[in-house]
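Enquirer: Could you work out the structure for the sequence below:
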Amino acid sequence: MDPANQTALFRAHAMARLRGEAAEAARLAAQISVEQRMSHLLFTLTLFTQFVVEELGFEPDPVELAAFTKRLHDKHYSPERPFEALRAEAMVRAVTSESVLLTEIPHTEQAAYMWAVIDEFADPQLSESELDELFDLVEEAREDLLGRALDSPALKSTRPESAAPAQSAPEPAAASQTAPGPAAASQTAPEPAAPSQTAPDQSAPDPEGTDA
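Expert: Just a heads-up that it's a prediction; the model follows:
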């Protein structure tokens with residue numbers, strides 16, 4: 001499924017949930033494939049964050065949050081249907097000021113707790129245009145979140161560096177530059193000068209056949 005159709009499916013499912021259309025929501029949920037579950041969880045998490053921040057702020061008041069948690073417990077808990085309201089509270093705290101709590105809740109349970117919270121905050125009378133505006137904000141926030149995650153220094157440090165082009169080893173220098181031959185040696189170490197012709201060594205005999 002291409003990204004545009006995937007986003008449309010996620011929006012339609014969320015709209016059915018927010019309107020309390022359980023049968024339609026279940027039908028659309030069945031169309032979300034296993035490969036799309038992580039993307040859908042991220043969509044739901046971003047939607048959940050929008051509602052939490054709007055209703056409770058970035059730093060929820062502890063007393064207000066405790067009262068909200070009790071309300072969730074009283075509404076959802078039953079021996080036949082275990083519901084841990086403290087996990088829903090942990091989800092709220094995870095998206096505001098204590099992100100580490102997100103790792104303490106199994107990902108297979110996170111969506112259920114998020115929707116329990118969303119159902120408490122959402123106005124079932126929201127119009128389609130209002131929902132579209134809300135979903136636009138969700139998409140924008142999700143793209144921003146992914147962009148910052150991909151650009152994070154921690155992620156970049158794990159990416160393999162592209163191999164630098166191999167540089168060829170320098171060729172051995174020419175022999176004439178490093179080990180001069182006899183001809184070159186004569187230039188750098190000149191032979192002793194011949195005896196002066198104007199002041200010959202009187203002790204040395206004249207060479208044979210040399211003109212006087």
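
Enquirer: quick one: low-confidence parts of the protein?
Expert: For the chain, residues meeting the criterion pLDDT under 70 lie at 145-212.

Enquirer: thought G20 was touching D123?
Expert: No. Shown here, G20 and D123 do not form a contact pair, counting by CB atoms under 8 Å, at 11.4 Å. Where C-beta positions appear, they are placed from N, C-alpha and C, glycine not excepted.

Enquirer: which one of these two has more residues nearby?
Expert: More crowded of G20 and D123, by other CB atoms under 10 Å: G20, with 11 against 8.

Enquirer: So for the more buried one, what's the nearest residue that isn't a sequence neighbour?
Expert: P124 (5.8 Å; CB to CB, 6 or more residues apart in numbering).

Enquirer: three-state assignment of that neighbour?
Expert: At P124 the chain is in coil, as set by DSSP: H, G, I helix; E, B strand; the rest coil.

Enquirer: now it: how far from L56?
Expert: 20 Å (CB to CB, to the nearest Å).

Enquirer: Likewise for E143?
Expert: E143 is 24 Å from L56, by CB to CB.

Enquirer: Looking at these two now, which is surrounded by more residues?
Expert: The neighbour count for E143 versus L56, taken as other CB under 10 Å, is higher for L56 (19 against 11).

Enquirer: what are the ranges of the strands in the chain?
Expert: With strands called from DSSP state E, the chain shows none.

Enquirer: Would you mind measuring from K75 to S99?
Expert: Distance from K75 to S99, by CB to CB: 26 Å.

Enquirer: ok, the two, which is more surrounded?
Expert: K75 (13 against 10).

Enquirer: separation between the more buried one and V138?
Expert: Where V138 is concerned, K75 sits at a distance of 25 Å (CB to CB).

Enquirer: Repeat that for E59.
Expert: 22 Å.

Enquirer: Neighbour count for these two, which is higher?
Expert: Legend: neighbour count by other CB under 10 Å for E59 and V138, higher for V138 (23 against 10).

Enquirer: So that one sits against T46, correct?
Expert: Yes. The pair V138 / T46 is scored as a contact, 4.8 Å apart, by CB under 8 Å.

Enquirer: circling back: quick one: the residue nearest to G20 and S39, what's the gap?
Expert: For P124, the distance to S39 - CB to CB - is 26 Å.

Enquirer: Tell me which of those two has more neighbours.
Expert: When neighbours are counted by other CB under 10 Å, P124 and S39 differ, and S39 comes out ahead with 16 against 8.

Enquirer: I'd say that one and Q6 touch.
Expert: Yes. Applying CB under 8 Å, one finds S39 in contact with Q6, separated by 6.7 Å.

Enquirer: check contacts around the closest residue to R11 other than its chain neighbours.
Expert: The shortest distance from R11 to any non-neighbouring residue, by CB to CB, 6+ apart, is to F135 (5.0 Å). Going by CB atoms under 8 Å, 6 or more residues apart in numbering, F135 touches R11, A14, M15, L47.

Enquirer: and the last one, how many neighbours?
Expert: When neighbours are defined as other CB under 10 Å, L47 has 26 of them.

Enquirer: The third one now?
Expert: For M15, the neighbour count with other CB under 10 Å is 19.
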